[in-house]
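S.K.: quick one: sequence and predicted model below, then my questions.
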Amino acid sequence: MELEVKKLCWSLGRCIKNLKVDGDQANRRYFLVGMFAVFLVGSLWLVTLESRDPYLMSLPWSGFFPYGTATVAENSMTNSTEEPVIKATYIKGKKAVKQFRNHLACFSESGKWVYDSTPRHMPWNSIGDTYASGCDSRHHWTGPGHVFGDQAEAIAMEGDPKDWLIREELKWVWRTNSSCPFWPVDRDEFCKRIGPKRNVMVVGDSINHEIAWSFMNHLVLNGKGYGHMRSGDRSNDGVYEMCGDIFGAGNGFKVAFVRNDRLSPVANISVDTWRNFYEWPWLDLLKEYDVKLLLLNRGAHYEDDKTYVRALRFIFTILSQHFPHMQVIYRNTPPGHANCSLHHEPLSERQHSDLPDGYHWEDFYRQNKIAAKIVKKFQYIYMDVDTMLSLRPEGHITDTDCLHYCLPGPLDLAVQYLYNILLLL
């Protein structure tokens with residue numbers, strides 16, 4: 001690539017040197033600025049070519065899905081008389097679908113955060129990047145006696161409750177009303193609800209990556225023998241079998257993550273560092289990994305409503321046409337919080353002011369409402385974690401990162417939500 005850039009620089013220099021521009025000096029400057037812009041675009045194009053994975057470029061993408069031929073649909077219903085369903089489930093009929101969606105809404109809308117200091121098991125971070133679990137080390141140095149990990153587990157199981165001095169944000173639980181109990185995760189039951197060889201894929205942004213880590217943290221037995229996964233690519237995650245002790249070795253399922261901030265049907269890696277978009281191919285892996293359960297999200301990397309709507313409809317159209325028997329769950333997007341390090345307990349209502357400029361956190365609520373309607377039209381499952389997590393300003397990773405959460409932490413609620421969805425199904 002270096003040789004190609006040098007050739008481009010040499011050609012551009014020759015062109016400018018030999019060029020005679022009519023008009024005043026200002027016109028010449030404008031022209032040089034334009035030529036420099038062409039140079040930059042050309043350089044970025046070369047870098048993009050260089051960054052493409054040769055293995056990915058050689059794959060027969062058209063054999064997996066005709067992503068170039070899909071047409072954007074308003075919804076997946078072929079006609080207005082078609083029976084309402086939740087795709088890839090046994091939920092059929094207008095009444096059953098309505099009851100199911102109302103039950104999910106009850107999870108989010110009827111609950112509140114309740115402080116509970118009763119010692120209990122925590123999904124300590126055995127899988128995720130240490131960036132997400134460093135909160136425990138920082139907390140450990142804030143005073144004597146603070147515990148986490150194996151020490152906290154031993155105290156929770158057999159020790160004195162007064163010694164269970166874990167991070168305070170881990171002691172808050174989401175409590176719903178009696179009509180829709182929000183059950184804590186039972187690891188063995190979670191395994192059974194997913195089922196043998198029913199592989200799971202999580203696709204989306206870095207928050208979904210954290211949820212994939214949290215998911216596996218809930219499923220591993222003791223966290224021994226697992227390496228921390230920090231890569232955002234499509235090859236390093238999903239290499240561990242989950243729940244093999246339940247189904248027998250080789251019969252468990254795998255959990256894979258692919259980073260794609262736009263949920264775009266790309267065939268090659270696309271990285272836009274200027275606007276912070278990372279897009280790895282993933283649709284081919286749905287077939288290769290024989291994925292049965294798919295958890296999606298886009299939203300934290302903001303784009304305007306028109307682009308957002310078209311992108312969701314486009315990818316849902318592809319999934320509907322080519323993977324009709326796959327369970328698809330779409331997670332909505334909770335915002336970050338202003339001055340998160342100053343908060344030490346949940347809020348009574350979501351923040352509406354003082355949010356930092358540039359991140360569009362104030363737009364997430366509106367786009368979540370848009371996504372809910374689209375997901376419903378395509379007959380998929382909508383997971384509303386925004387209602388709960390918008391109230392959790394504490395538990396973020398650092399005072400300079402008020403979007404991502406520590407693991408374990410408030411974001412584990414998304415895995416609990418997934419567990420309760422599977423209980424309903």
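M.R.: Received the coordinates, thanks. None of the values given here were measured: they were computed from a predicted structure. Residues are numbered from 1 along each chain as shown.

S.K.: and what about the residue most central in space within the chain, helix, strand or coil?
M.R.: Per Cα atoms, centre = their mean, the C-alpha nearest to the average position across the chain is that of N208, at 1.9 Å. Three-state assignment for N208 (DSSP: H, G, I helix; E, B strand; the rest coil): helix.

S.K.: my guess is it contacts G299, does it?
M.R.: No - contact criterion Cβ atoms under 8 Å: N208 and G299 do not qualify, at 10.2 Å. (Each C-beta comes from the backbone N, C-alpha and C, glycine too.)

S.K.: how near is the residue nearest to the centre of the chain to V258?
M.R.: Distance, N208 to V258, using Cβ to Cβ, to the nearest Å: 9 Å.

S.K.: now A154
M.R.: 36 Å.

S.K.: who has more neighbours, those two?
M.R.: V258 (26 against 12; other Cβ atoms under 10 Å).

S.K.: quick one: the strands in the stretch 251-400 of the chain, in order.
M.R.: Using DSSP state E, counting those that start in this stretch, the strands assigned to the stretch 251-400 of the chain run over residues 253-259, 270-272, 277-279, 291-296, 327-331, 381-383, 396-398.

S.K.: where in this structure is the helix or strand with the lowest mean pLDDT?
M.R.: Within the chain, no helix or strand scores below helix 54-58, which has a mean of 35 by mean pLDDT, DSSP states H and E.

S.K.: what's the following helix or strand after that helix?
M.R.: Once helix 54-58 ends, the next helix or strand along the chain (criterion: DSSP states H and E) is helix 94-109.

S.K.: and the residue nearest to P196 when sequence neighbours are not counted, its phi and psi?
M.R.: If the residues on either side of it in the chain are set aside, P196 comes closest to F247, at 4.1 Å by Cβ to Cβ, 6 or more residues apart in numbering. In terms of degrees, to the nearest 10, the main-chain angles of F247 are phi -100, psi -10.

S.K.: my guess is F247 contacts C191. True?
M.R.: Yes - between F247 and C191 a contact is recorded at 7.4 Å, counting by Cβ under 8 Å.

S.K.: run through who's touching stretch 164-175.
M.R.: Residues from elsewhere that reach stretch 164-175 (Cβ atoms under 8 Å, 6 or more residues apart in numbering): 111-117, 119, 122, 135-136, 139, 145-148, 152, 155-156, 182, 184, 344-346, 388, 392, 394-395, 406, 408-410, 413, 416.

S.K.: ok, of the residues you listed, which come out buried?
M.R.: 111, 113, 119, 122, 135-136, 139, 146-148, 152, 155-156, 182, 346, 388, 392, 394-395, 406, 408-410, 413, 416 (16 or more other Cβ atoms under 10 Å).

S.K.: ranges for the helices of the chain?
M.R.: In the chain, the helices defined using DSSP state H lie at 2-18, 25-51, 54-58, 94-109, 130-140, 149-158, 187-194, 206-219, 244-247, 283-288, 305-322, 364-377, 386-389, 412-424.

S.K.: tell me the angle the fourth one makes with helix 364-377.
M.R.: Think helix 94-109. Put simply, helix 94-109 runs at 160 degrees to helix 364-377, going by axes from the mean of the first three to the mean of the last three Cα atoms, to 10 degrees.

S.K.: and stretch 275-290, what's its mean pLDDT?
M.R.: The pLDDT scores in stretch 275-290 average 89.

S.K.: remind me which residues of the stretch 151-300 of the chain are low pLDDT?
M.R.: 223-239 (pLDDT under 70).

S.K.: if you set the cut-off to 90 instead, what comes out?
M.R.: Residues of the stretch 151-300 of the chain that meet the criterion pLDDT under 90 lie in 159, 221-241, 249-250, 254-259, 267-276, 285, 288-289, 299.

S.K.: for A88, which of the strands of the stretch 251-400 of the chain is the nearest?
M.R.: Nearest of those to A88, taken as Cβ to Cβ: strand 327-331 at 4.4 Å.

S.K.: list of residues touching that closest one?
M.R.: 87-89, 204, 208, 211, 292-297, 316, 319, 371, 375, 380-383, 385, 414, 418, 421, 425.

S.K.: which of the residues you listed are buried, as a ChimeraX select command?
M.R.: A single ChimeraX command selects the buried members of these (16+ other Cβ under 10 Å):
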select :87,88,89,204,208,211,292,293,294,295,296,297,316,319,371,375,380,381,382,383,385,414,418,421
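
S.K.: how far off centre is stretch 195-207?
M.R.: Centroid separation between stretch 195-207 and its chain, computed with Cα atoms, centre = their mean, to the nearest Å, is 10 Å.

S.K.: next one: stretch 180-194
M.R.: Using Cα atoms, centre = their mean, the offset of stretch 180-194 from its chain centre is 21 Å.

S.K.: which residues touch that stretch?
M.R.: 103, 106-107, 110-111, 120, 123, 173-176, 200, 218-219, 242-243, 246-247, 252-253, 293, 415-417, 419-420, 422-423, 425.

S.K.: try it again at 7 Å.
M.R.: Outside stretch 180-194, the residues that touch it by Cβ atoms under 7 Å, 6 or more residues apart in numbering are 103, 106-107, 110-111, 174, 176, 200, 218-219, 243, 246, 253, 293, 415-416, 419-420, 422-423.

S.K.: ok, and for that stretch, which residues are buried?
M.R.: Buried-residue list, stretch 180-194, by 16+ other Cβ under 10 Å: C180, F182, V185, R187, F190, C191, R193, I194.

S.K.: now stretch 98-112
M.R.: F100, R101, L104, C106, F107, S108, G111.

S.K.: one step back: rank the helices of the chain by mean pLDDT and give me the bottom one.
M.R.: helix 54-58 (a mean of 35).

S.K.: start to end distance for stretch 386-405?
M.R.: 14 Å (Cα to Cα, to the nearest Å).

S.K.: who's in contact with that stretch?
M.R.: Here stretch 386-405 has contacts from 108-109, 111, 113, 131-132, 135, 169, 174, 206-207, 210, 300, 332-337, 340-341, 343-347, 350, 364-365, 368, 406, 409-411, 413, using Cβ under 7 Å, 6+ apart.

S.K.: show me which residues of that stretch are buried.
M.R.: Within stretch 386-405, judged by 16+ other Cβ under 10 Å, the buried ones are 386-397, 402-405.

S.K.: do the same with stretch 324-332
M.R.: M326, Q327, V328, I329, Y330, R331, N332.

S.K.: could I get those as JSON lines with distance to R275 and pLDDT?
M.R.: As requested, the buried residues of stretch 324-332 are exported to JSON lines (distance: Cβ to Cβ, whole Å; pLDDT from 0 to 100):
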{"residue": "M326", "distance to R275": "30", "pLDDT": "97"}
{"residue": "Q327", "distance to R275": "32", "pLDDT": "97"}
{"residue": "V328", "distance to R275": "27", "pLDDT": "98"}
{"residue": "I329", "distance to R275": "27", "pLDDT": "98"}
{"residue": "Y330", "distance to R275": "23", "pLDDT": "98"}
{"residue": "R331", "distance to R275": "22", "pLDDT": "98"}
{"residue": "N332", "distance to R275": "22", "pLDDT": "97"}
